[in-house]
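# Predicted coordinates and the sequence they were generated for:
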Amino acid sequence: MVDDFKITGTVIQSYLICKRQAWFHIHKIIPFQDHPLLEIGRLIDEYSYERDLKRIILDNVQIDFVRGKNGDLLVGEVKKSSKAKEIAKMQLLFYLWVLEEKGIKAKGVLSFPTERRREFLELKETERRKIFDIIEGINDIAIMENAPSFKKIPFCKNCAYKEFCFA
């Protein structure tokens, strides 16, 4: 197991997409950083929501933007597309859970600027249980000596870890 391992939103996302990819993240194996989709994601993140407080880092959580709205704290996660919307929802719910554990009550907004769509989220008991189950699954992967075996899935064709898996 990795000694200084902390679950991040990226690990949550990776775990829900591919257990092997999550193992790579946990064990600090960094994907190809010049991958075109990573670059596009960085550009969308940089130029979206310019008026909001951006890139807030709290321990293991990196929130894309924060704003006050009607007396509530609204935290946002920006995604290129809604293709993996359910995975993005769990990533944002994880952020809300971490904030809640620190005594900060917030609501979330999942934003898809290129589609001009937003979805608002609140952390409820059913989501807390899902987050807890995901965290347990990630911890199980973290203690594995070797990466889980390769399984081809639709996400493989655009994965920045493709070179590791297909080699």
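Here it is on my side, so go on.
# Show me where the protein has its helices.
9-17, 19-26, 36-47, 85-101, 125-142, 162-166 (DSSP state H).
# Which of those helices comes out lowest on mean pLDDT?
Of all those, the minimum mean pLDDT falls on helix 36-47 (a mean of 52).
# longest strand of this structure?
The longest strand of the chain (DSSP state E) is strand 61-69.
# Can you list the buried residues in that one?
Across strand 61-69, burial judged by 16 or more other Cβ atoms under 10 Å covers 61, 63, 64, 65, 66. Heads up, the C-betas are built off the backbone N, CA and C, glycines and all.
# rewinding a little: present the helices of the chain as CSV; the columns should include distance to residue 72 and mean neighbour count.
Formatted as CSV, these follow (distance: least, Cβ to Cβ, whole Å; neighbours: other Cβ atoms under 10 Å):
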stretch, distance to residue 72, mean neighbour count
helix 9-17, 21, 21
helix 19-26, 31, 22
helix 36-47, 23, 13
helix 85-101, 12, 20
helix 125-142, 17, 14
helix 162-166, 41, 14
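# Among those, which comes closest to residue 118?
Checking the helices of the chain against residue 118 by Cβ to Cβ gives helix 85-101 as the closest, at 11.4 Å.
# So what touches that closest one?
7, 9, 12-13, 16-17, 58-61, 63, 75-77, 79, 82, 105-108, 110, 112, 119, 121-123, 127-128, 130-131, 134 (Cβ atoms under 8 Å, 6 or more residues apart in numbering).
# Can you give the strand pairings for the longest strand of the chain, parallel or anti for each?
strand 53-58 (antiparallel), strand 72-78 (antiparallel) (DSSP bridges).
# and it, C-alpha only, in CSV?
Backbone C-alpha positions of strand 61-69 (Å, rounded to 0.1, in the frame of the first residue of the first chain) are rendered in CSV as follows:
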residue,chain,number,x,y,z
VAL,A,61,-9.9,18.0,-2.8
GLN,A,62,-9.4,20.4,-5.7
ILE,A,63,-12.6,22.2,-6.5
ASP,A,64,-12.9,23.9,-10.0
PHE,A,65,-14.9,26.9,-8.8
VAL,A,66,-16.7,28.3,-5.7
ARG,A,67,-19.4,31.0,-5.5
GLY,A,68,-21.9,32.2,-3.0
LYS,A,69,-25.5,31.9,-4.2
